[in-house]
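**Student:** Build me a structure from this.
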Amino acid sequence: MDDNGRDLGGFLRARRGRVAPESVGLRTGNRRRVRGLRREELAQLAGISVDYYVRIEQGRATQPSPEVLDALAEALGLDTAERRHLATLAAAERVPTPRARISPLLRQLLDSVPHFPAFATNHRLDVVAWNAPGAELLGGLGERRDPNNARFLFLDPAARDVYPEWADRAAEAVGQLRVAAGRYPDDTELAALVAELRERSAEFRGFWDSGEIVMCAGGSKRLRHPATGPLTLDYETLHVPASPGETGLVVHVFGAEEGTEEAAALARLAWGAAERAQDAAASV
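**Tutor:** Below is the predicted model of the structure:
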């Protein structure tokens, strides 16, 4: 994986490439060959010298000041998540390679919501813990697939059946991996995952090279479960803080408004999960 300086330059190149010069008051001619802003144009908008900006983008000036970062973020029209990512890439301190810790309390928390599918992922998008309805939902998403969600999305053909909006989910996964790569540049397992997916999936390469980032949030997702058919589910993401040197986990909780077909479908999945759990306990 590239060092932070080169990652910073790549992120800046991708971002200036998406800014239309006309949108920031710059005139363009018919012979313009550069997509987005030129280096000198971005430097002018940010109020810094062209030479200094070129050194930042080339990784030769890896610790720009907060004022310079704010000026670049403003010129590029970065949102809150992108500004945070920019600051992470420019930080001098390297975060130690993290490790996941699934506490007993987290497992109790997952089991305490038996009517809501829930599972936890680490920064590499490995599914590391789940409750019974979550296992039922995950089972419908590929029949005990590879526990890594990114590999499932790009390497398992079943993903396109599960996710009607596959491109959105794929872009979301890549954006989350890019954030993790910037935050944990020394994580060799993450670097290996990205290298594997770049080699095996042209679509992953396209998403990765776009430079887009995504922070986990809430909203709704469409998926297709073999037992219930199409579902549109609400979801929330809960961030579990990390101890020093450990991975912060993200808990994904799915639900639906009471009285809807989706709510009834989730109830059936939860009932099926409970029945299977009882059968398994009885056979021990």
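
**Student:** Can you name the element that comes right after the one helix or strand G206 maps to?
**Tutor:** With secondary structure defined by DSSP states H and E, G206 is part of helix 202-209. Towards the C-terminus, the helix or strand next in line after helix 202-209, according to DSSP H and E, is strand 219-225.

**Student:** circling back to that earlier point, check the offset of the helix holding G206 from the chain's centre.
**Tutor:** 14 Å (CA atoms, centre = their mean, to the nearest Å).

**Student:** which residues touch it?
**Tutor:** For helix 202-209, the external contacting residues (CB atoms under 8 Å, 6 or more residues apart in numbering) are 14, 150, 154, 170-171, 174-175, 177-178, 194, 197-198. The C-beta positions use only the backbone N, C-alpha and C, and glycine is treated the same way.

**Student:** Just the buried residues of those.
**Tutor:** 14, 150, 154, 170-171, 174-175, 177-178, 194, 197 (16 or more other CB atoms under 10 Å).

**Student:** Tell me which entries of those lie within helices.
**Tutor:** Here DSSP state H is the test, and the buried ones among the contacts of helix 202-209 give 14, 150, 154, 170-171, 174-175, 177-178, 194, 197 as lying in helices.

**Student:** Hmm, A46 is touching A71, no?
**Tutor:** Yes - A contact is recorded between A46 and A71 when judged using CB atoms under 8 Å, the distance being 4.1 Å.

**Student:** Tell me the one of the contacts of helix 202-209 nearest T237?
**Tutor:** Among the contacts of helix 202-209, G175 lies closest to T237 (CB to CB), at 13.5 Å.

**Student:** now the closest one: how far from P241?
**Tutor:** From G175 over to P241 the distance is 22 Å, taken as CB to CB, to the nearest Å.

**Student:** Also H252?
**Tutor:** Per CB to CB, H252 is found 16 Å from P241.
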